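Asks: Build me a model from this:
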Amino acid sequence: MLELTIASLSHAGEGIGRHAGQAVFVPFALPGERVLVEVVEEKKRYLRARLVQVLVAAPERIIPRCPHHFALPAEPGAPIPEACGGCQLQHLDYPAQLRFKQQTVIEQFRRLGGLAEAPVLPTLPSPAPFNYRNHSQFTVTAGGRLGLLAAGSHRVVPLAECPQLEPALAALFPQIAVEAAQAPALERVSLRAGVEDECLVVLEPAGDAPEVELDLPVSVVLLRADGSSLPLAGLDHVVVEVRGRLFRVSAGSFFQVNTALAGTLVDLVLHGLALAGGESVLDLYTGVGLFSAFIAPHAGRVVGVEAYAPAVADAAANLDEFDNIEIYEAQVEDVLPNLPGPFDAAVLDPPRAGCAPEVLAALAAAQVARIVYVSCDAATLARDAARLVALGYVLNLVQPLDMFPQTHHVECVAEFTVSKAIDLKLENR
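Replies: Here you go, the predicted model:
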């Protein structure tokens, strides 16, 4: 056993202390706390430890709402239940979570992007710190219950409830069970919510399609590995409302999980694009067309690129009313260099891995004057921001949003414009 003082939090929300010159990572410990820990993993440059007792608690420590979150036993020395790994910060009060996320973004831009003076604004809070998710994926336990991986482990913790889910999904969750004999046939079970409390249960098989019997008033769909889906009951999609517009979202298509903040995200993108009317705008990694739907009324031309075929089909349905939108089904890096321009502005919303270098280079080569980059991973955003700056762009601001309360994840919107020096260089070509 070691006794440590926790000095800070890692980007993953773990407490960091020091022992014999080595960093010690302690999940669920908070800065300022004096803790007793047990080392569970020794590496050359750091240690990982399990929190055993909080000797002196931080003032920001609170009692977690979820019974599956980490909690120390009332009696010292008693067994510590295995915690669900879905949330990392329920023990930290919400204002402190927001401050932590802003600081995380600042540190990622400094450390990974080399941008020590990045203008990172305070984190915008979620209207609902709990019951905000319209989509969650769960693993099926051997006994047929839905669960999530344990913190720092590949073991699955069966859940009786999940307070991250929107109310309709939270009510549905405890009613879903899989026969133990069918459990190995399922890779995942996803739950999606739409307008008027409609729910979609998405079954992702590990191999052949399992036998399914659900006596619930919900839609059920089988999602194959190639993205195609087979409706088993009801619809193969949900309908989500953002800023008064309805969006069809198929079983495997990406959509922002926090519906209440999706409208704020749209507002930030429009602000960053600063459209005066008539511009040509790129919407890269288009998804189901969330941003294009709000850009099109203010632009002369919108060109979207999306690789996932079901999302392209969703976008076609969601954007059917507009005659100034073109959607290409392709990898962005494959088609962007050859798209007929010119383009005045671009919005990027790539997956967690960020943009391929070819994408950023193509934007610079096309002389796109304004870029709005939406990211769910501060590390890859910082990396790509450094690349854009090296290509001649200026980082004007980074706005974190708490799309994922109670977790260490943070959404960001970054605004870039071409520097005046590059403008002059381009004009003289």
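
Asks: For stretch 139-153, list every residue counted as buried.
Replies: Thr139, Val140, Thr141, Gly144, Arg145, Leu146, Gly147, Leu148, Ala150, Ala151, Gly152 (16 or more other Cβ atoms under 10 Å). All C-beta atoms are positioned from the backbone trio N, CA, C, and that covers glycine.

Asks: Surely Phe291 is in a strand?
Replies: No - assignment of Phe291 by DSSP: H, G, I helix; E, B strand; the rest coil gives helix, placing it outside any strand.

Asks: My guess is Val24 contacts Leu47. True?
Replies: Yes - using Cβ atoms under 8 Å as the test, Val24 is close enough to Leu47 to be in contact (4.6 Å).

Asks: any shared contact partners between those two?
Replies: In terms of Cβ atoms under 8 Å, 6 or more residues apart in numbering, Val24 and Leu47 are both contacted by the residues Val39.

Asks: How about residues contacting stretch 46-53?
Replies: Counting by Cβ under 8 Å, 6+ apart, residues outside stretch 46-53 touching it are 1-2, 4, 15, 19, 22-29, 35-41, 70, 72, 76, 80, 152.

Asks: Give me the buried subset of these.
Replies: 2, 4, 15, 23-29, 35, 37, 70, 152.

Asks: residue ranges of the helices in the stretch 301-429 of the chain, please?
Replies: 309-318, 332-335, 357-365, 378-390, 420-427 (DSSP state H, counting those that start in this stretch).

Asks: Show me where the stretch 151-300 of the chain dips below the pLDDT cut-off.
Replies: For the stretch 151-300 of the chain, applying pLDDT under 70 flags the ranges 208-213.

Asks: so what's the spatially closest residue to Leu214 that is not a sequence neighbour up against?
Replies: The shortest distance from Leu214 to any non-neighbouring residue, by Cβ to Cβ, 6 or more residues apart in numbering, is to Val220 (5.5 Å). Going by Cβ under 8 Å, 6+ apart, Val220 touches Leu200, Val201, Leu203, Val212, Leu214, Pro231, Leu232, Ala233, Gly234.

Asks: quick check, nearest of the residues you listed to Cys355?
Replies: Leu200 (30.1 Å; Cβ to Cβ).

Asks: what comes up buried for stretch 237-248?
Replies: Those would be His237, Val238, Val240, Val242, Phe247, Arg248, for stretch 237-248 by 16+ other Cβ under 10 Å.

Asks: Quick check: end-to-end length of stretch 282-290?
Replies: Taking Cα to Cα, to the nearest Å, the first and last residues of stretch 282-290 lie 13 Å apart.

Asks: do stretch 310-325 as well
Replies: End-to-end for stretch 310-325, by Cα to Cα: 18 Å.

Asks: What residues of it count as buried?
Replies: Across stretch 310-325, burial judged by 16+ other Cβ under 10 Å covers Pro310, Ala311, Val312, Ala313, Asp314, Ala315, Asn318, Leu319, Asn324, Ile325.

Asks: Make JSON lines out of those residues and add distance to Thr407.
Replies: Output for the buried residues of stretch 310-325, formatted as JSON lines (distance: Cβ to Cβ, whole Å):
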{"residue": "Pro310", "distance to Thr407": "26"}
{"residue": "Ala311", "distance to Thr407": "24"}
{"residue": "Val312", "distance to Thr407": "29"}
{"residue": "Ala313", "distance to Thr407": "30"}
{"residue": "Asp314", "distance to Thr407": "26"}
{"residue": "Ala315", "distance to Thr407": "28"}
{"residue": "Asn318", "distance to Thr407": "28"}
{"residue": "Leu319", "distance to Thr407": "31"}
{"residue": "Asn324", "distance to Thr407": "38"}
{"residue": "Ile325", "distance to Thr407": "34"}
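
Asks: Show me the two of these that sit farthest apart.
Replies: Every pair of these checked by Cβ to Cβ; the farthest is Pro310 and Asn324, at 23.6 Å.

Asks: If you count residues, where's the longest strand of this structure?
Replies: The single longest strand within the chain, with elements called by DSSP state E, is strand 46-56.

Asks: How about whatever helix or strand comes next after that strand, which residues are buried there?
Replies: The helix or strand immediately downstream of strand 46-56 is helix 94-111, counting by DSSP states H and E. By neighbour count on 16+ other Cβ under 10 Å, the buried set for helix 94-111 is 94, 96-98, 100-109.

Asks: OK, contacts around Leu397?
Replies: Counted by Cβ under 8 Å, 6+ apart, Leu397 has contacts Pro119, Val120, Leu121, Ala414, Glu415.

Asks: Not counting residues beside it along the chain, what's closest to the third one?
Replies: Going back to what we said before, that points to Leu121. Per Cβ to Cβ, 6+ apart, closest to Leu121 is Gln399, 5.0 Å.

Asks: and what of the first one?
Replies: When the adjacent residues along the chain are set aside, Pro119 lies closest to Leu397, with 4.8 Å between them (Cβ to Cβ, 6+ apart).

Asks: Using CSV, write down the CA coordinates of stretch 239-254.
Replies: Listed next in CSV are the C-alpha coordinates belonging to stretch 239-254 (Å, rounded to 0.1, in the frame of the first residue of the first chain):
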residue,chain,number,x,y,z
VAL,A,239,-36.1,10.8,-36.1
VAL,A,240,-34.2,13.4,-34.1
GLU,A,241,-35.2,17.1,-33.8
VAL,A,242,-32.7,19.9,-33.7
ARG,A,243,-33.6,23.6,-33.9
GLY,A,244,-37.1,22.7,-35.3
ARG,A,245,-35.8,20.4,-38.1
LEU,A,246,-36.3,16.7,-38.2
PHE,A,247,-33.4,14.3,-39.1
ARG,A,248,-33.7,10.7,-40.1
VAL,A,249,-30.9,8.7,-38.4
SER,A,250,-30.5,5.1,-39.4
ALA,A,251,-29.3,2.3,-37.1
GLY,A,252,-25.6,2.7,-37.8
SER,A,253,-25.4,6.3,-38.7
PHE,A,254,-23.5,8.8,-36.5
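
Asks: Quick check: the closest residue to Gly354 other than its chain neighbours vs Leu98, distance?
Replies: Leaving out its chain neighbours, the residue that sits closest to Gly354 by Cβ to Cβ, 6+ apart is Thr380, at 3.2 Å. In this view, Thr380 and Leu98 are 22 Å apart by Cβ to Cβ, to the nearest Å.
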